[in-house]
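[1] Okay, predicted coordinates and the sequence, questions at the end:
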Amino acid sequence: MTASPIHTDPASAGGFNNLGLDSRLRRALDGAGYESPMPIQREAIPPILEGRDVLGCAQTGTGKTAAFALPILERLLEPSDRSDRRTIQALVLAPTRELAAQIFESFECYAANTTVRATVVFGGVSKRPQTQILRRGVDVLVATPGRLLDLMNDGVIDLGSVRFFVLDEADRMLDMGFAPDVRRVTRAVPRQRQTLLFSATMPREIEAMASKLLHDPVRLAVDPISSTAPPVEQSVYFVDGRRKTDLLKSLLETGEVDRALVFTRTKHGANRLVQKLDRARIEAAAIHGNKSQGARERALRRFKSGDTRIVVATDIAARGIDVKGLSHVINYDMPNEAETYVHRIGRTGRAGESGVALSLCAPEERVHLAAIERLTRRRLDRLKTPEGLATEPAREERDSRTHGRGARRGAGGARKHAGGSHRPRNGGKTSGGTTGGRERNLDSRGAGRGKSTESRSGAGSASRTSGSRRRGRRPAGSHRNA
Ligand code: AMP
């Protein structure tokens, strides 16, 4: 798609004062510790306030929730726009319960000093409390598509007053088979409305959806690759598939990992891994779709508070997990879609923090590693696997040479796992304030896209990346060259 690139201009990175937001919203932002708008907020808020539709290529972690929530709240606060009865005026659709809950929390936080009321509905929990809140009336509804349709069928929800319609993580909604549900919801909202559509990737289906739903949209792009890559140190261990748990245990036992989100491909795999860690006296919790909503929320709460250090999750369940200070993302199973890798590592290195992403790659997963390196145009640092757990070294080197083709080469070859640190740089914070790292990062929009992304998204040409500038850089004191 052709989109306005979001460039970083530190000189314009003032506070929120220039964006025309109500003082009640600004007070809430102060309270949340937001000092200055993130680039996507600076770019998206003004056109949304003007009533324009927006097509945003951005993923969670870039600050996009505030980019749409703040201008919507602002518009809801305008006296001329307030209707007498409390009706649903803003509808936000999200693919997963976790993401929906998180968007709702953001609305609650930003609207804390106002009378605007928001609520969230999703499946997996009783409908009754949701119904009661909806009957009392809300201005903003955040929902997953299935439960929304369910409640619409029950006659509890009327979307006839919706003025703002947001589709968040639209690509995920399609991946998860929500396309028919989204079409049904779309038919129920008035044609006269403002529509904001966000998606981490822009495959043809999203472009088609956008052209049907949006009217002359402002296009914004925060490249998913460049937005996650620079603040996150990315490394890989080549390991025998059967020894992955041993390697993971040794990594978790070094004391370097403050809090880690470990990804497995399947729910069953997540459960099994938690049991194995448990036997090694490493406390971990699993978050996946077979867990009850209550159990998922409990696990997430304990993870956020720091009571649980390790969470093992599947991709879908991990969408929307936003845990401050998450030091490590560990790919226990390599994702078989390169873009999933970008989503995963985006759980760390958020809001200006830095983080570490470690991947455990079995021989049969090399093909996935190659796809990741092609997409990100970045060669993951090779870490030396402890004796006895590695795959056969000669083959490893040969394979890494083959797979490295197409990906830019890192400065070094295999690096030693010499008990080195996996700590994020600067103890988890970038030096340039809350948004400094993120802004540098966003500056390189469009850069670092591999062929696969370009051909799918029709995105602009690859250019300089922050990642390329950082190639070969490592956290101080870690992974010394072999
Ligand atoms: P999101 O992409 O909306 O999921 O946001 C990612 C994280 O950034 C969340 O923890 C937000 O609370 C945080 N965040 C969003 N905007 C700002 C800002 N302007 N300053 C600091 N943190 C922010």
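    Good, I have the coordinates. Keep in mind it's a predicted model, so treat the numbers as computed, not measured.
[2] Quick check: R378 is in a helix.
    No: assessed with DSSP: H, G, I helix; E, B strand; the rest coil, R378 is coil; it does not lie in a helix.
[3] Could you report the pLDDT at whichever residue of the chain sits closest to the ligand?
    Nearest residue of the chain to the ligand: T65, at 3.1 Å (CB to the nearest ligand atom). Using the backbone N, CA and C atoms, a C-beta is placed for each residue, glycine as well. The model reports T65 with a pLDDT of 94.
[4] List the residues that contact it.
    By CB atoms under 8 Å, 6 or more residues apart in numbering, T65 lies in contact with 102-103, 106, 168.
[5] Could you identify the buried members of the residues you listed?
    The neighbour-count test (16 or more other CB atoms under 10 Å) marks 102-103, 106, 168 as buried among those.
[6] Identify the farthest-apart pair in those residues.
    The largest separation in the buried ones among the contacts of T65, counting by CB to CB, is between S106 and D168 at 11.0 Å.
[7] Quick check: which ranges of the chain have low pLDDT?
    Low-confidence segments of the chain (pLDDT under 70): 1-14, 80-85, 223-230, 317-320, 350-353, 390-482.
[8] got the residues of the stretch 1-150 of the chain near the ligand?
    Counting by CB under 6 Å from any ligand atom, the positions of the stretch 1-150 of the chain adjacent to the ligand are 34, 37-38, 41, 60-66.
[9] what sits against the closest residue in space to A284 that isn't next to it in sequence?
    Nearest non-adjacent residue to A284, counting by CB to CB, 6 or more residues apart in numbering: I310, 3.8 Å away. By CB under 8 Å, 6+ apart, the contact set of I310 is 252, 257, 259-260, 262, 277, 282-285.
[10] can you list the domain ranges for this protein.
    10-221, 232-417, 420-482 (automatic domain parsing).
[11] how about the residue of the chain closest to the ligand, secondary structure?
    helix.
[12] Would you map the helices across the stretch 101-250 of the chain?
    128-136, 145-153, 170-175, 179-188, 204-213, 224-228, 244-253 (DSSP state H, counting those that start in this stretch).
[13] Just the buried residues of the fifth one, please?
    By neighbour count on 16+ other CB under 10 Å, the buried set for helix 204-213 is 206, 209-210, 213.
[14] Likewise for stretch 104-119?
    By neighbour count with 16+ other CB under 10 Å, stretch 104-119 contains the buried residues 104, 106-111, 114, 116-119.
[15] Filter those residues down to the ones in strands?
    The strands, defined by DSSP state E, take in 118-119 from these.
[16] State the phi and psi torsions of R27.
    When read as degrees, to the nearest 10, the backbone of R27 gives phi -60, psi -40.
[17] isn't it right up against Y110?
    No: counting by CB atoms under 8 Å, R27 stays clear of Y110, with 10.1 Å between them.
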